[in-house]
Structure formats: structure tokens, C-alpha cells
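Enquirer: Show me the folded form of this:
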Amino acid sequence: MDSSKSMLDVAYDLVVAHKKEMTFTEIFEAVAAELKMSEEEKKSHLGAFYTELTLDGRFVAMTDNVWDLRARHTYDKVHIDVNDVYSDVEEGDEDEEDEQEEKEYNAEIEGKPLPDNEPEQAPEDDSAAVEEKPAEVDVDSLVGK
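Expert: Numbers count the residues shown, from 1 in each chain. Take a look at the predicted model:
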């Protein structure tokens, strides 16, 4: 691999020269060709390149894994309002369900009865539910007495 430039710098130059949006695959294949990467190098760098591309402020992800330069788009076009994303979640309902599940899980882990005095359901086959006692250890033999 020719490493005189970073993959991101090569990608930036390619997208600038292309003058329009490109898919991730198009960008990656063009970068790999420019840097003369082998198939093995392409496989080993693919994930890291995607991560770096997402973190690089010069690029912006559009829709359907299409990328472009952030400088070509207005803030309104590329900004996602987080409140719009989470507006479908009704407050309260999820929290109560999550809290109840957490209480049940903790009670099960700690071996305590389930909250709200709900009886634990016994297994269908009692022979399968054999409790094992912890092995007894002779502490004196461990300490050397």
C-alpha cells in the first residue's frame, strides 16, 4: 500500500474531484485503487476506514450510505434533531416496564422472592431442579494448621 497520504486525505481529494455525492463503496474502492491496496489490505482496513470517515468532520453521511463533503451542504440539510428521533417514545411507559424487569432480574440473581409477592413458578419436572450445595472446605488444611 502506498502510504504517502492517509486514506481519509485520499478520500477527501476524490470526493472533491468527483463534485457530487458518492456511496461508501465507491469511495472505498477509489481509495484502495489510489493507494494500490491488495485484497488483504482492503479487508483489514475496511472497518477502520468506515469509522474514521464517520468521525471526520469534513464528511457527512446522507441517506443510503451516501457520503459527501460537509462544506457542500447547509446545516439544516445535514443536522438531525435528536428530539425528532425520540419523539415517538412515550415517557413513563417504558420506564415503568424497565424498572419492573430490573427488579425481577435483581431478585432472581439475589435468590430473593420476586417483588409484589408474585410466587416463582416451579419447574415442571422437579427431578431437573436439583439444588447443589457448595463443597465444604477444610479451612485449617488451607492455612496449614
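Enquirer: okay, CA-based contacts and neighbour counts for the rest of this
Expert: Fine.
Enquirer: Run through the residues that contact the closest residue in space to Glu21 that isn't next to it in sequence.
Expert: Leaving aside its sequence neighbours, Glu21 sits nearest to Asp68 (Cα to Cα, 6 or more residues apart in numbering; 4.7 Å). Counting by Cα atoms under 8 Å, 6 or more residues apart in numbering, Asp68 makes contact with Val15, Lys20, Glu21, Met22, Phe59, Val60, Ala61, Met62.
Enquirer: Hmm, the third one is touching Val66, no?
Expert: Yes: distance between Glu21 and Val66: 6.4 Å, which falls inside the contact criterion (Cα atoms under 8 Å).
Enquirer: Name the residue in those two with the higher neighbour count.
Expert: Ranked by neighbour count (other Cα atoms under 10 Å), Glu21 and Val66 place Glu21 first, with 18 against 15.
Enquirer: So, low pLDDT: which residues of the protein?
Expert: Low-confidence regions of the chain, defined by pLDDT under 70, span residues 1-3, 75-94, 114-135, 137-145.
Enquirer: ok, 90 please
Expert: Applying pLDDT under 90 to the chain picks out residues 1-5, 19, 57, 61-65, 70-145.
Enquirer: what ranges do the helices span in the protein?
Expert: Under the criterion DSSP state H, the chain contains helices at 7-18, 24-34, 39-55, 75-78, 82-85, 93-110, 139-143.
Enquirer: right, so these: which one is the most enclosed?
Expert: Comparing those by mean neighbour count (mean count of other Cα atoms under 10 Å), helix 24-34 comes out on top with a mean of 18.
Enquirer: Which strands or helices does that one pack on?
Expert: If you count contacts as 3 or more Cα pairs under 8 Å, 6 or more residues apart in numbering; DSSP states H and E, helix 24-34 packs onto helix 7-18.
Enquirer: picking up where we left off before, bridging residues for the residue nearest to Glu21?
Expert: When bridges are called by DSSP bridges, Asp68 pairs up with Val60.
Enquirer: And Asp56, how close does it get to Ala71?
Expert: Asp56 is 12 Å from Ala71, where distance means Cα to Cα, to the nearest Å.
Enquirer: Give the full set of residues in contact with Glu34.
Expert: Applying Cα under 8 Å, 6+ apart, we find Glu34 in contact with Val10.
Enquirer: Right, I'll call it a day here.
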